[in-house]
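A.B. asks: here is a sequence together with a model predicted from it:
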Amino acid sequence: MTTKYGAPMCAFLAAWALFSVPVAHAEDANSQSDSKISGKEAQSSRPLIAEFSRSILATHPAIAAAQAVLEAAKARAQGAGRALYNPEIGAEYESADSTTKALGVSQTLDWSGKRKARSTTGHADVMAARAALELVQKSLLSDVLDALSAHQGAFETLQLANSSVRLARDFLDLSQTRKTAGDLSESELLTARLALSQALAEQSRARGDLSRARERLAALSGMGRDVWPLIVGTPDGALLQGWSGEVNALPEMRLVLAQSDSFRARITLADKMRKADPTLGLSLGQESNGLGGNSTLFGVRLSIPLQIRNNFSENVTAARADALGAEAEARNTRQRVEARLNSTTERFLAASTAWQDWQKSGAADLSAQRDLLKTLWEAGELNAVSYLIQLNQTFDAQAAAIDLKGALWRSWFEWLDASNSANSWLEAIQ
């Protein structure tokens, strides 16, 4: 069953079409951003995200565990499709006034169709295991992209903190020089020292955040490295506009629908299993009467179990209840999936609008403003307190920009996860 995504998504897409956000593809390196990345970090400022993400998916233990579950489900399904009963062979010998020897074979017949019902159930279990594997892959990829986004924000915050410390040191050095020359009061020198202490504290916090972000990446990737891929630019949202909206194709829905199919198949299986199957036997032998006479014996045996003391009807009742629960879980999952698609689309559009507004009003040349403030302070047109207040405002503005861009990437990655579009995005940036 295929269901198209409804009116809420259409409304969001229509809203998206009403404005244009001047953002770049993630794969298009912004030269201004790259100029702020120095040293060996610049080596990973290119779009290595796809290669890095796929290398994690190829070796991650969670993927291997889900793959093993799938292989086990395939093996069980193959076994379920085989014959349910094996033939039996028997021998008989009796010695009295006469001697009887017989050899026989018997076979229980799958009269009620248990083999077919078992095969159907096994196939549904394979489909569920395959959907579970895709769900693990999707969730892991989402974690990787979210961790890269967090690392990007922490890295840029540390770069900003380093700039703040550098300016605070320069400010303190100049303040001490001016204090020696008698051009600065003791209180203003103390203000400069406090500014450096605050900048160093912020730098220490930023280093801790970056360390935690790299720890998360190391845990996800299973590797330790000094350089991690950096996300440059901002997302353009093209995939959102072209998304088909087939909710039932998402791994979450495929998993619960396959589980529902499996439980429905178990109703039929339970009903088949409660029915008795007959056993047919054939025997061939020889009887000697002790006087030298021999006779050939041929026998046919048919046995049918009587389901009198227990007809196993409770197994059918339990299977029906499990199927009803699985159907309810499928409906619940669909509600959650649709709500997440709506919410992630809304958050991305809101984050895009916020970033657009920042680009229009707040994306000034903050470095030039800092240079101007320093010139005014050195010329005596600003006291130390006014200089530091306005300088901190420039750093606050830059930190707000980092937060805005981080929120934009997080909302984008959330939508990629909700719509199962992360692989398509990775293919687009290769």
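C.D. replies: Ah, there it is.
A.B. asks: where does the spatially most central residue of the chain sit: helix, strand or coil?
C.D. replies: Centroid-nearest residue in the chain: residue 139, 0.6 Å away (criterion: C-alpha atoms, centre = their mean). Put simply, residue 139 is helix when judged by DSSP: H, G, I helix; E, B strand; the rest coil.
A.B. asks: make 58 the first number, not 1, from now on.
C.D. replies: I'll keep to 58 as the first residue from here, and by that count the last item is residue 196.
A.B. asks: and the residue lying closest to residue 129 once chain neighbours are set aside, how far from residue 305?
C.D. replies: Leaving aside its sequence neighbours, residue 129 sits nearest to residue 186 (C-beta to C-beta, 6 or more residues apart in numbering; 7.8 Å). In this view, the C-beta of every residue, glycine as well, is placed from N, C-alpha and C. In this view, residue 186 and residue 305 are 18 Å apart by C-beta to C-beta, to the nearest Å.
A.B. asks: which one of these two has more residues nearby?
C.D. replies: Higher neighbour count among residue 186 and residue 305: residue 186, with 24 against 16, using other C-beta atoms under 10 Å.
A.B. asks: helix or strand right after whichever strand or helix holds residue 392?
C.D. replies: Taking DSSP states H and E as the criterion, residue 392 maps to helix 370-418. If you walk from helix 370-418 toward the C-terminus, the next helix or strand you reach (DSSP H and E) is helix 423-435.
A.B. asks: wait, is residue 150 part of a strand?
C.D. replies: Yes - assigned with three-state DSSP, residue 150 falls within a strand.
A.B. asks: so it makes contact with residue 342?
C.D. replies: No - using C-beta atoms under 8 Å as the test, residue 150 is too far from residue 342 to be in contact (9.1 Å).
A.B. asks: quick one: contacts of stretch 439-454?
C.D. replies: Contacts to stretch 439-454, defined as C-beta atoms under 8 Å, 6 or more residues apart in numbering, come from residues 217, 220-221, 224, 228, 232, 241, 245-246, 248-249, 252, 419, 421, 423, 426-427, 430-431, 433-434.
A.B. asks: buried ones in that stretch, by neighbour count?
C.D. replies: For stretch 439-454, a neighbour-count test (16 or more other C-beta atoms under 10 Å) marks 439, 441, 444, 445, 447, 448, 451, 452 as buried.
A.B. asks: secondary structure added to the residues you listed, as JSON lines?
C.D. replies: Formatted as JSON lines, the buried residues of stretch 439-454 follow (three-state DSSP):
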{"residue": "439", "secondary structure": "coil"}
{"residue": "441", "secondary structure": "helix"}
{"residue": "444", "secondary structure": "helix"}
{"residue": "445", "secondary structure": "helix"}
{"residue": "447", "secondary structure": "helix"}
{"residue": "448", "secondary structure": "helix"}
{"residue": "451", "secondary structure": "helix"}
{"residue": "452", "secondary structure": "helix"}
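A.B. asks: could you dump the residues you listed into JSON lines with pLDDT added?
C.D. replies: Output for the buried residues of stretch 439-454, formatted as JSON lines (pLDDT from 0 to 100):
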{"residue": "439", "pLDDT": "81"}
{"residue": "441", "pLDDT": "81"}
{"residue": "444", "pLDDT": "83"}
{"residue": "445", "pLDDT": "86"}
{"residue": "447", "pLDDT": "87"}
{"residue": "448", "pLDDT": "86"}
{"residue": "451", "pLDDT": "87"}
{"residue": "452", "pLDDT": "88"}
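A.B. asks: what's the mean pLDDT across stretch 201-215?
C.D. replies: Stretch 201-215 carries an average pLDDT of 93.
A.B. asks: list the contacts of it.
C.D. replies: Against stretch 201-215 from outside (C-beta under 8 Å, 6+ apart): 98, 106, 109-110, 113, 260, 263-264, 266-267, 269-271, 273-274, 277-278, 285-288, 456, 459-460, 462-463, 466-467, 470, 473-474, 479.
A.B. asks: could you report the neighbour count for residue 430?
C.D. replies: Residue 430 has 21 neighbours, counted by other C-beta under 10 Å.
A.B. asks: got the contact list for it?
C.D. replies: Taking C-beta under 8 Å, 6+ apart, one finds 439, 444, 447, 448, 451 in contact with residue 430.
A.B. asks: out of those, which comes closest to residue 351?
C.D. replies: residue 451 (114.7 Å; C-beta to C-beta).
A.B. asks: got the confidence number for the residue lying closest to residue 217 once chain neighbours are set aside?
C.D. replies: In space, and not counting its chain neighbours, residue 217 is closest to residue 455: 5.6 Å by C-beta to C-beta, 6+ apart. For residue 455, the pLDDT comes out at 88.
A.B. asks: how far is the helix or strand hosting residue 455 from where the chain is centred?
C.D. replies: Under the criterion of DSSP H and E, residue 455 resides in helix 441-476. Distance of helix 441-476 from the chain centroid (C-alpha atoms, centre = their mean, to the nearest Å) equals 26 Å.
A.B. asks: great, nothing more from me.
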